[in-house]
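**Student:** pasting a predicted model and its sequence here:
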Amino acid sequence: MVVPKTLIEVTVVGNDRKGVVADVTNFIFIIGGNIEKVNQNVVRGLFGMQLEASFQTIDKKKIDLGLRSLAKKLGMEIRVHYEEPNRLRNIAIFVSKEPNCLLRILEAKEKGLINANIPVIIGSEGTMGPIADGNRIPFHSIDDKQDPILAENKILKLTEQYNIDLIILARYMRILSPNFVWRYPNRIINIHPSLLPAFPGADAYVQ
């Protein structure tokens, strides 16, 4: 009988320093994990790593406590994302001024075409607030014009608060830094129409 594996994703972000990869991978080995994939990047002194590991049996409390201690030791932010097939995913929608993408997503959710929760909508300005209110979804406006770094930190606190699994950029007209993107590897979808073909057909935004 094959025992199903449980997958976790660990992200590490902070100032570049020696020994980070070794410390994190050694921790995974010690607690019985098998490393499936590791990606790492350094941009202008900022280090980012994504690690995927599998476990036959998993102790979330032990993992959380261990990674918290390791983050403190390294002076870095370490997050863990658990694969939970039976739990509905939480989607955050990022918007700016244009409502089309947001409206189509909300319409698809209303029709049952999106099997996930949408607990929050985050805007680079307040234009989409009334649409969020009309759909009884909390809306947060975070203007990044004066201080993009501070704005991103505020957004990261919100995504953590709402336990976000996936981020949809619905014509979100801001550039996300590596410091942000590395925390959600392969979990950010950009549906700006410039990425769609000239004649995308029906339900392009839903797709």
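**Tutor:** Yep, it's here.

**Student:** can you pull the buried residues of stretch 84-99?
**Tutor:** Of the residues in stretch 84-99, those with enough neighbours to count as buried (16 or more other CB atoms under 10 Å) are 90-96, 98-99. Backbone N, C-alpha and C define where each C-beta goes, glycine included.

**Student:** contacting residues around it?
**Tutor:** 101-102, 105, 114-125, 127-128, 131, 158-159, 162-174 (CB atoms under 8 Å, 6 or more residues apart in numbering).

**Student:** check the secondary structure at I58 for me.
**Tutor:** The three-state label given to I58 by DSSP: H, G, I helix; E, B strand; the rest coil is coil.

**Student:** check contacts around it.
**Tutor:** Going by CB under 8 Å, 6+ apart, I58 touches 6, 8, 82.

**Student:** which one of these is nearest G66?
**Tutor:** Comparing the contacts of I58 against G66 with CB to CB picks out I8 as the nearest, at 11.9 Å.

**Student:** give me the neighbour count for that closest one.
**Tutor:** In terms of burial, I8 registers 20 neighbours under the definition other CB atoms under 10 Å.

**Student:** tell me the secondary structure at it.
**Tutor:** Assigned by three-state DSSP, the conformation of I8 is strand.

**Student:** same question, P185
**Tutor:** Three-state secondary structure (criterion: three-state DSSP) places P185 in coil.

**Student:** now do the helices in the chain.
**Tutor:** Here the chain has its helices, by DSSP state H, at 20-30, 60-74, 100-110, 129-134, 148-161, 178-181.
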